[in-house]
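In: predicted model follows, preceded by the sequence.
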Amino acid sequence: MSPNHPRPTLATARHATLRAEAALPTRYGDFRIFAFECPLEGIETGAVVHGDVRGAENVPVRLHSECFTGDLMGSLRCDCRDQLEAALCAIGEAERGVVIYLRQEGRGIGLVNKIRAYALQDQGMDTVEANHALGFEDDIRTYETAADIIRLLGIKSVALISNNPKKSEGLTENGIMVTGRIPHIMKPNAHNRAYLETKRLRSGHLLPLSS
């Protein structure tokens, strides 16, 4: 392994366990990819790392929640794909950084319920109202696994790439030192402008006023 890349141990974390790693050249830069088993959720997930993060402080970290519709299918109803690609581009150009891909589709409610929420939004509800109508809080994601992965990568502290204060709170509650926040603002489109405004007004995301 290159000395410029981290060498996490295979020690078992409270929840996540590192199981494999390899080089990953991408259109955004050269990364290493790490695969984890996550017993808390009963799934596997991954993280990509650029540069040497072991023992480093103030490491730029993006916690990206899985989005089948946006990340893979190019949906314009959200800004998820834009956020993912922007984070990979920024980290690929930086000295170091990490993107952790959290398997928490639909803010934790899963793909089927997310599409049910879409159907309710098509009838005029916003994202928060739709989740409540299905019996969920507007965001039920948790960050124990993300904290485990950060520890396994040997990171001392993070600068979180996020507009969502709940992510910083979630990491802090799970023992991760968050030293700062890097805003992650995407340009709205005609299909997601109301979605982003709901994030700002009802979910506490630190976003500018829609123009």
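Out: Structure received. Numbering: from 1, shown residues only.
In: quick check: the residue of the chain most remote from its centre vs residue 133, distance?
Out: Centroid-distance maximum for the chain: residue 123 at 28.5 Å, with CA atoms, centre = their mean. For residue 123, the distance to residue 133 equals 10 Å [CB to CB, to the nearest Å]. Placement of C-beta: from N, CA and C, glycine included.
In: span of stretch 92-104 from start to end?
Out: 24 Å (CA to CA, to the nearest Å).
In: which positions in that stretch come out as buried?
Out: 92, 96, 97, 98, 99, 100, 101, 102, 104 (16 or more other CB atoms under 10 Å).
In: my guess is the last one meets residue 141, correct?
Out: When you say that, I think you mean residue 104. Yes - between residue 104 and residue 141 there is a contact under CB atoms under 8 Å: 4.6 Å.
In: any residues in contact with both of those two?
Out: residue 65 (CB atoms under 8 Å, 6 or more residues apart in numbering).
In: now do the SS call for the residue positioned nearest the centre of the chain.
Out: Nearest to the mean C-alpha position of the chain, counting by CA atoms, centre = their mean, stands residue 64 at 1.6 Å. Classification of residue 64 using DSSP: H, G, I helix; E, B strand; the rest coil returns strand.
In: next SSE after the one helix or strand residue 168 maps to?
Out: According to DSSP states H and E, residue 168 maps onto helix 165-173. Per DSSP H and E, the first helix or strand lying C-terminal to helix 165-173 is strand 177-182.
In: show me what that next one packs onto, helices and strands only.
Out: strand 157-161, helix 165-173 (3 or more CB pairs under 8 Å, 6 or more residues apart in numbering; DSSP states H and E).
In: ranges for the helices of this structure?
Out: Secondary structure of the chain (DSSP state H): helices located at 80-93, 111-122, 127-133, 144-152, 165-173, 193-202.
In: wait, what's in contact with the residue nearest to residue 116 when sequence neighbours are not counted?
Out: Among residues not flanking residue 116 along the chain, residue 134 sits closest, at 6.0 Å (CB to CB, 6 or more residues apart in numbering). Applying CB under 8 Å, 6+ apart, we find residue 134 in contact with 109, 113, 116, 117, 120.
In: closest to residue 191 among those?
Out: residue 117 (15.3 Å; CB to CB).
In: distance check, residue 58 against residue 179.
Out: 5 Å.
In: which neighbours do the two have in common?
Out: Common neighbours of residue 58 and residue 179 (CB under 8 Å, 6+ apart) are 157, 158, 159.
In: could you dump the residues you listed to a markdown table with distance to residue 73?
Out: Listed next are those as a markdown table, based on distance: CB to CB, whole Å:
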| residue | distance to residue 73 |
| --- | --- |
| 157 | 35 |
| 158 | 30 |
| 159 | 30 |
